[in-house]
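>>> A structural model of the following input is requested.
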Amino acid sequence: MPTWLIWVIVIIVVLIVIGALVAMANKRRTEQRRARADELRQEASTQAAGLSESQRQTQELQAKADLARAEAEKAEQQAATAQQGHQVEQAKYEDKVREADRLDPEVDHRGRDYEAEVWDDQRSESEPVAEPETGGAHRATEPTAEGTGATTGTTGTTGTTGTTGAAATEDTATTRSRTTE
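Numbers count the residues shown, from 1 in each chain. Next up is the predicted model:
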């Protein structure tokens with residue numbers, strides 16, 4: 001046999017052996033990948049139980065957040081309504097004070113330096129409004145369940161200016177003695 005033919009046969013045998021080794025290595029690698037994929041699937045299936053619990057918790061917390069958001073919006077609306085009610089009450093108070101000043105002959109309500117006693121928002125609402133010389137009751141605003149202010153108490157002394165609700169500066173006896181003079 002010629003030597004070149006022997007070399008060709010040896011090369012073919014070597015190539016077949018190399019091909020068989022490569023095929024076995026690929027088969028082993030494929031089986032390893034399949035085994036790893038099965039492991040990952042099993043791990044994922046064990047996590048699936050925790051996933052449904054996690055989803056339930058997420059939905060529960062989302063519902064709580066939605067409820068809190070709705071309550072916050074309702075509280076903001078109530079606060080806005082209360083603020084508007086407060087402004088109306090404050091305007092009524094100012095109107096009464098200005099009316100009392102207009103009717104009081106000792107108050108120059110048309111002068112340049114005239115300033116009506118107005119409600120001070122910095123003052124505590126529970127603080128009584130002092131009424132000089134009368135010792136009368138005061139007007140206080142108390143919050144109600146709806147968040148709006150309800151007026152309690154009386155303001156002024158009846159007969160001083162003819163209006164209730166105005167902060168009186170004198171009692172009835174002083175007014176009578178001044179008008180008879």
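>>> where do the helices sit along this protein?
Taking DSSP state H to define them, one finds helices in the chain at 3-103, 172-180.
>>> Give me the neighbour count for residue 100.
Residue 100 has 24 neighbours, counted by other Cβ atoms under 10 Å. For every residue, glycine as well, the C-beta is placed using N, CA and C.
>>> By mean pLDDT, show me the worst of the helices of the chain.
Sorting the helices of the chain by mean pLDDT places helix 172-180 lowest, at a mean of 40.
>>> ok, back up a step: for the helices of the chain, could you give me JSON lines that also reports distance to residue 111?
Output for the helices of the chain, formatted as JSON lines (distance: least, Cβ to Cβ, whole Å):
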{"stretch": "helix 3-103", "distance to residue 111": "11"}
{"stretch": "helix 172-180", "distance to residue 111": "20"}
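>>> Tell me which of the ones you listed lies nearest to residue 117.
Within the helices of the chain, the stretch nearest residue 117 is helix 3-103; the backing value is 5.3 Å (Cβ to Cβ).
>>> In PDB, could you pull the C-alpha coordinates for stretch 97-113?
Once non-C-alpha atoms are left out, stretch 97-113 reads as follows in PDB (Å, rounded to 0.1, in the frame of the first residue of the first chain):
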ATOM      1  CA  VAL A  97     -67.000  96.000  64.600                       C
ATOM      2  CA  ARG A  98     -67.100  98.700  61.900                       C
ATOM      3  CA  GLU A  99     -70.900  99.100  62.400                       C
ATOM      4  CA  ALA A 100     -70.300  99.500  66.100                       C
ATOM      5  CA  ASP A 101     -67.500 102.000  65.500                       C
ATOM      6  CA  ARG A 102     -69.800 103.900  63.000                       C
ATOM      7  CA  LEU A 103     -72.600 104.100  65.600                       C
ATOM      8  CA  ASP A 104     -70.300 105.000  68.500                       C
ATOM      9  CA  PRO A 105     -70.100 108.800  68.800                       C
ATOM     10  CA  GLU A 106     -66.700 108.700  70.500                       C
ATOM     11  CA  VAL A 107     -65.100 106.800  67.600                       C
ATOM     12  CA  ASP A 108     -64.000 108.900  64.600                       C
ATOM     13  CA  HIS A 109     -64.500 106.200  62.000                       C
ATOM     14  CA  ARG A 110     -63.900 108.700  59.200                       C
ATOM     15  CA  GLY A 111     -60.500 109.900  60.400                       C
ATOM     16  CA  ARG A 112     -57.200 109.100  58.500                       C
ATOM     17  CA  ASP A 113     -55.800 107.200  61.500                       C
END
